[in-house]
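Q: build me a model from this:
(one chain, ligands or ions: 1)
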Amino acid sequence: MKLHHIPGSRSCRVRWLLEELGIEYELDQKTLGDGSLRSEAYLAKNPNGKVPTLEDEGVVFHESGAIVQYLLERYGEGRLAPAVGTQSRPIFLQWLHWAEATLMPPMGAIMANRFVLKGEDRSEAALSVGRRQFANALRILGEAVDGKQFLVDDAFSAADIMAGYSLSLARGVGELPEEPKSLATWLEGLASRPAYQRSFEGGFG
Ligand SMILES: N[C@@H](CCC(=O)N[C@@H](CS)C(=O)NCC(=O)O)C(=O)O
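A: Predicted structure coming up:
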């Protein structure tokens, strides 16, 4: 199995899960901005020119949430997700996908307008809208983990990995507000896991 990876990027979610599940993998580590994501060979694997991309058993595919769901189905053996058919399953899927579909877009706007876009294309207005929307998502997440160690059933799951990555990124670039405090407590618990630490080797960038 091969994971195409950039330190600090969304591919950390996949690496974190692989480490938690004890799956052996090869890492194809890339560097942001060096052109490797735009090579013809890489675009044939992922036409978006982004990471993560996973290669396993002859299949090549992308999207961190889809890769996480696949790894659980193929290798999870019931670990890190409530079973299909239980009441917790839809709640688990909700947070798993919320992390990329709702929490990340405002974070993406913040990153774009602070780092990614060229100076003249950056917008203070877009940055402040992104921060406002991100704060609203953080309020929702903060309520969900208030007084709890984990998002679903108070058991560590891949939903914590998906959303925990986004918060680590926010903290890494100084965008994690002090309130709600429940988020810092939750993130601290996640960051103490050895698999988390291995997956974030190399920091952000
Ligand atoms: N929705 C995709 C987003 C992937 C994505 O945006 N990856 C970023 C890193 S976090 C990337 O590869 N950016 C490089 C670029 O746009 O050049 C996923 O969750 O896998």
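Q: enumerate the residues of the protein near the ligand.
A: Counting by Cβ under 6 Å from any ligand atom, the residues of the chain close to the ligand are S9, R10, L32, L37, G49, K50, V51, P52, H62, E63, S64, E100. Any C-beta I mention is one placed from the backbone N, CA and C, and that applies to glycine too.
Q: among those, the buried ones, what's the PyMOL command?
A: Those of the residues of the chain next to the ligand that count as buried under 16 or more other Cβ atoms under 10 Å are selected in PyMOL with:
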select buried, resi 9+10+37+50+51+52+62+63+64+100
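Q: which ones among the residues of the chain next to the ligand lie within helices?
A: When DSSP state H defines the helices, the subset of those inside them is S64.
Q: from the residues of the chain next to the ligand, which is closest to A163?
A: Here the nearest of the residues of the chain next to the ligand to A163, counting by Cβ to Cβ, is E100; it sits at 9.1 Å.
Q: of the residues of the chain next to the ligand, which belong to strands?
A: Counting by DSSP state E, the part of the residues of the chain next to the ligand found in strands is H62.
Q: quickly list the domain ranges of the chain.
A: In the assignment given by automatic domain parsing, the structural domains of the chain cover 2-75, 88-193.
Q: how far away from the center of its chain is the last one?
A: Yep, that's domain 88-193 we're talking about. Distance, stretch centre to chain centre, for domain 88-193: 9 Å (Cα atoms, centre = their mean, to the nearest Å).
Q: with the shortest one instead?
A: Put simply, domain 2-75 sits 12 Å off its chain's centre (Cα atoms, centre = their mean).
Q: mean confidence (pLDDT) on it, please.
A: Along domain 2-75, the predicted local confidence has a mean pLDDT of 97.
Q: the residue in the chain that the ligand sits nearest to - nearest residue in space that isn't next to it in sequence?
A: Among residues of the chain, the one nearest the ligand by Cβ to the nearest ligand atom turns out to be K50. It sits 3.1 Å away. Distances taken as Cβ to Cβ, 6 or more residues apart in numbering place L37 nearest to K50, at 6.5 Å, with adjacent residues excluded.
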